[in-house]
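Enquirer: here is a sequence with its predicted model. Questions after.
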Amino acid sequence: MKKISTNKTNARLFEKIAKGFLWIAAGMSIVVLLWIIGSILFQGFIAISDREYPVIARGSMTAAFDAERKYTAAFLINSGIRTDELTAQDIIDFYSLEKTDWVISAQDLDVSLFSYEAESGLVESFRESVFGDEFQLAFTARPASTEYEMLGNVAATPGAIGYIDSGLKAFAKSMGVTVLDIPEAENKKIAIIVNKTIGISELSLRHVVEIFLGDERKWNEGGVDIVPYIYTTTNTTHSVFIALMQEGMFKRSCTLVESDHEMIEKVGSTPGAIGFIPEHAIDLARQNPNVKIVTVRSVALFVNPAVMEIKEYRQLRQIAEANVSKLFSGAITNYSEIDGIDLPVVPILYKESTRMDNELRTIQFPEGWEHGVDAISVETEAEFVTTLSKTPGGIGFGNYFSLHNTLVGQVLPVRRQEITQNLTFEFLTEAPSKSSRAGGVSTIIGNTILLIFITLLFAVPFGIGGAVYLVEYSRQGMLVNTLRFFTETLAGIPSIIYGLFGYILFRIVFGLQEGILSAGLTLMIMILPTIIRTAEEALKSVPKSYRFESFALGATKWQTIRRVILPAASPGIVTGIILGVGRAIGETAAVLFTCGSSSRFVLDQGVNVEMFTKSARVLALHIFFLFKESAGNVRAIHQAYATSAILIIVILGINLLTAQLLKRMNSMRN
């Protein structure tokens, strides 16, 4: 009896330990599942990113800013030419065909003019600083695509002249090319204007660029569509704005205007409109009650070149916005404290009560802030540039648009954490744009729905038919057991194998083009084992008495299957179908080689046979391509998270719908 009692005690102990392990395993599974789903949904709805800006978040020094890239140009002259009496105006005359040969110092050579290809944008960039606004370049000039190609052409061609940025003068002289300086042209300024209904007062330079490149489609304030206006290429302000758009081309849907009056009128009368005007038109814009001039953030952090040097595998490439004020208040005294090299921090600030000091103090620092103990004081911008250049460890604030061309490579980017709404209604309803890196996913959702429909169209009849044959018609033996074994094996094969098989079978053997038909057939093969096995088990679970009673009433075998067995097994069959859909909708590898990558909706031209052979991107593929092609593009990564959130919501919705459907079907059957 004592031994039996001991065994019972041990059994209870082991039972408690087993229950404990089960509870821990279940709890960990739930926590991991919730963490995965919660993190993806959170990043899908809320975009949190660290972004680098050349200008500081709160910095806004001027409404009209220097937008033109400052080209201090120089003429290039082949070394075989004597230039003792040659002036810049003489060369300009050659470009305008006012002169056609070298007549200076009794030289008699044919002139070979070199300019730049129009597509490169260098002609417009140099136009004002070299030739003037109204100058029309001679059509006989030979084109070069880059400044280095220009140098090579001038060096190798007798009688050749060209022009480059003066920053390459030393390199040009090393090639034996004569250089003739051109007086600098005064930079122009522009101002950004928006419709008064837009609830903003300032913009960052990056935001302006993204708007005109088409990366931003709606204003965060009110969700109004952005309507950008630009000047035609014949307007001189157009070339001034080119430097602002160095990152890409203008948005194709930008509306063109001819004059300042038209620009102001269009922006004032169009909700969500944005445009730009030259500085001399600011007073005219202020007279329009529906136009608002917004400030462009322009305060930048400039440092001495030594601050950004690489020493002992350390380099300061950026700074967190929270650390900016600490550099000037004395809280941070050495750059090594913020991942830089071992170099003391030397603040350079404008003297108190000067205009620049008051403006910078108001913008960047809280009330009560005092100059650092070791700060160097300057009065003018020119003194700031000189002092910064000769002070190792020097750091200070300045106007980005007036100094970034003078202090080249000395802007310390400021890293700021941004929190914005990611998954919006517009994201669901808008079509993709900018090679699917911008816009929404409406067409991709449509392609996904159509792909699942085609998959089920083939998979459901074959899956249920196969299960009915295995349970109701086939003789149970080695052949059937072998079929079941291979069916279960196919259910565990990696999806990439299905993708390669579908590519070989449907695209190479049958000659189908990539599209939703090839992808749907591939997914059909992939989910078929799941549907067959679950449907087979559902059919087996139907009591044999149902069959006997049906036969006793005179029903045939097919009538029994169609009217008795299938309705009774429907909850299990539906479960198998839903499991197949859940797997198919999230597959990437299986459709990577058969579906395509076009983000256009396959039904955009109506229902026809060609829609089955059109390249189509689905949600899972869209996530894959966004991560693959993002190349550090924060916007693309956020779009991938938003698309992932949509996919998770769809799968969760399918599972909840299935649970409710099964509950209702069971209650109806009972």
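Expert: Yep, that arrived. Residues are numbered from 1 along each chain as shown.
Enquirer: use CA for all of it now, contacts and neighbours both
Expert: Noted.
Enquirer: tell me where the stretch 251-400 of the chain has strands.
Expert: 255-257, 273-278, 291-296, 299-303, 319-320, 346-350, 376-378, 394-399 (DSSP state E, counting those that start in this stretch).
Enquirer: ok, the first one: who's next to it in the sheet?
Expert: Strand 255-257 has the following strand partners under DSSP bridges: strand 227-231 (parallel).
Enquirer: also the fifth one?
Expert: Using DSSP bridges, the neighbouring strands of strand 319-320 in the sheet come out as strand 414-421 (parallel).
Enquirer: which neighbouring elements make contact with the lengthiest helix in the chain?
Expert: Longest helix in the chain, counting residues (DSSP state H): helix 2-45. Counting contacts by 3 or more Cα pairs under 8 Å, 6 or more residues apart in numbering; DSSP states H and E, helix 2-45 packs against helix 634-669.
Enquirer: can you state the direction angle for the longest helix of the chain and strand 414-421?
Expert: Going by axes from the mean of the first three to the mean of the last three Cα atoms, to 10 degrees, helix 2-45 is angled at 100 degrees with respect to strand 414-421.
Enquirer: and helix 2-45, average pLDDT?
Expert: Averaged over helix 2-45, pLDDT sits at 77.
Enquirer: quick one: the strands of the stretch 251-400 of the chain as CSV, columns for mean neighbour count and distance to Phe171 too.
Expert: CSV is the format used below for those (neighbours: other Cα atoms under 10 Å; distance: least, Cα to Cα, whole Å):
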stretch, mean neighbour count, distance to Phe171
strand 255-257, 16, 40
strand 273-278, 24, 35
strand 291-296, 23, 36
strand 299-303, 25, 26
strand 319-320, 16, 33
strand 346-350, 25, 33
strand 376-378, 19, 35
strand 394-399, 24, 29
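Enquirer: hmm, Arg297 is touching Ser201, no?
Expert: No: between Arg297 and Ser201 there is no contact under Cα atoms under 8 Å: 10.5 Å.
Enquirer: who has more neighbours out of these two?
Expert: Arg297 (25 against 12; other Cα atoms under 10 Å).
Enquirer: now the more buried one: how far from Ile277?
Expert: 17 Å (Cα to Cα, to the nearest Å).
Enquirer: CA atoms only: put stretch 624-641 into PDB for me.
Expert: What follows is stretch 624-641, C-alpha atoms only, in PDB (Å, rounded to 0.1, in the frame of the first residue of the first chain):
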ATOM      1  CA  PHE A 624       9.700  42.100 -50.700                       C
ATOM      2  CA  PHE A 625      10.400  44.600 -53.400                       C
ATOM      3  CA  LEU A 626      10.100  47.600 -51.000                       C
ATOM      4  CA  PHE A 627      12.700  46.200 -48.700                       C
ATOM      5  CA  LYS A 628      14.900  45.000 -51.600                       C
ATOM      6  CA  GLU A 629      14.900  48.300 -53.500                       C
ATOM      7  CA  SER A 630      14.700  50.700 -50.500                       C
ATOM      8  CA  ALA A 631      18.500  51.200 -50.400                       C
ATOM      9  CA  GLY A 632      18.100  53.200 -47.200                       C
ATOM     10  CA  ASN A 633      15.000  54.900 -48.400                       C
ATOM     11  CA  VAL A 634      13.100  55.500 -45.100                       C
ATOM     12  CA  ARG A 635       9.800  56.200 -46.900                       C
ATOM     13  CA  ALA A 636      10.000  52.800 -48.700                       C
ATOM     14  CA  ILE A 637      10.700  51.000 -45.400                       C
ATOM     15  CA  HIS A 638       7.700  52.600 -43.800                       C
ATOM     16  CA  GLN A 639       5.500  51.600 -46.700                       C
ATOM     17  CA  ALA A 640       6.700  48.100 -46.300                       C
ATOM     18  CA  TYR A 641       5.600  48.100 -42.700                       C
END
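Enquirer: so what's Leu456 up against?
Expert: Met524, Val581 (Cα atoms under 8 Å, 6 or more residues apart in numbering).
Enquirer: what comes up buried for stretch 621-637?
Expert: For stretch 621-637, the neighbour count (16 or more other Cα atoms under 10 Å) marks Leu621, His622, Ile623, Phe625, Leu626, Phe627, Ser630, Arg635, Ala636, Ile637 as buried.
Enquirer: out of those, who's nearest Val471?
Expert: Closest approach to Val471 among the buried residues of stretch 621-637 (Cα to Cα): Leu621, at 37.2 Å.
Enquirer: so which strand or helix has that closest one?
Expert: Following DSSP states H and E, one finds Leu621 within helix 619-629.
Enquirer: I'd like to know which elements that helix is packed against.
Expert: Counting by 3+ Cα pairs under 8 Å, 6+ apart, helix 619-629 packs on helix 442-468, helix 634-669.
Enquirer: rerun that using 10 Å as the cut-off
Expert: helix 442-468, helix 566-585, helix 634-669 (3 or more Cα pairs under 10 Å, 6 or more residues apart in numbering; DSSP states H and E).
Enquirer: list the buried residues for the longest one?
Expert: Read it as helix 634-669. 635-648, 651, 654-655, 658, 662.
Enquirer: that helix to helix 566-585, inter-axis angle?
Expert: Going by the same axes, to 10 degrees, helix 634-669 makes 170 degrees with helix 566-585.
Enquirer: same question for helix 634-669, mean pLDDT?
Expert: Here the average pLDDT along helix 634-669 is 80.
Enquirer: also stretch 476-484?
Expert: Average pLDDT, stretch 476-484: 79.
Enquirer: who touches that stretch?
Expert: Applying Cα atoms under 10 Å, 6 or more residues apart in numbering, the contact partners of stretch 476-484 are Leu470, Val471, Ser474, Phe485, Thr487, Glu488, Thr489, Leu490, Pro529, Ile532, Arg533, Glu536.
Enquirer: dump these into JSON lines; add secondary structure as well.
Expert: Conversion of these to JSON lines gives the following (DSSP: H, G, I helix; E, B strand; the rest coil):
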{"residue": "Leu470", "secondary structure": "helix"}
{"residue": "Val471", "secondary structure": "helix"}
{"residue": "Ser474", "secondary structure": "coil"}
{"residue": "Phe485", "secondary structure": "helix"}
{"residue": "Thr487", "secondary structure": "helix"}
{"residue": "Glu488", "secondary structure": "helix"}
{"residue": "Thr489", "secondary structure": "helix"}
{"residue": "Leu490", "secondary structure": "helix"}
{"residue": "Pro529", "secondary structure": "helix"}
{"residue": "Ile532", "secondary structure": "helix"}
{"residue": "Arg533", "secondary structure": "helix"}
{"residue": "Glu536", "secondary structure": "helix"}
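Enquirer: buried among the residues you listed? Need that as a selection in ChimeraX.
Expert: Here is the ChimeraX command that selects only those of those that count as buried (16+ other Cα under 10 Å):
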select :470,471,487,490,529,532,533,536
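Enquirer: out of the contacts of stretch 476-484, who's nearest Thr588?
Expert: Leu490 (17.7 Å).
Enquirer: mind checking how far that closest one is from Leu528?
Expert: In terms of Cα to Cα, Leu490 sits 9 Å off from Leu528.
Enquirer: ok, back up a step: for Ser570, find the nearest of the strands of the stretch 251-400 of the chain.
Expert: Closest to Ser570 of the strands of the stretch 251-400 of the chain is strand 273-278 (Cα to Cα; 56.6 Å).
Enquirer: report the mean confidence score over that closest one.
Expert: pLDDT averaged over strand 273-278 gives 87.
Enquirer: for that strand, name the packing helices and strands.
Expert: For strand 273-278, the packing partners by 3+ Cα pairs under 10 Å, 6+ apart are strand 64-66, strand 189-195, helix 205-213, strand 227-231, helix 236-242, helix 260-269, helix 282-286, strand 291-296.
Enquirer: partner strands of that strand and their direction?
Expert: Sheet pairing of strand 273-278 (DSSP bridges) gives strand 189-195 (antiparallel), strand 227-231 (parallel).
Enquirer: compute the distance from the centre of it to the centre of its chain.
Expert: In terms of Cα atoms, centre = their mean, to the nearest Å, the centre of strand 273-278 is found 25 Å from the chain centre.
Enquirer: kind regards, and thank you for your time.
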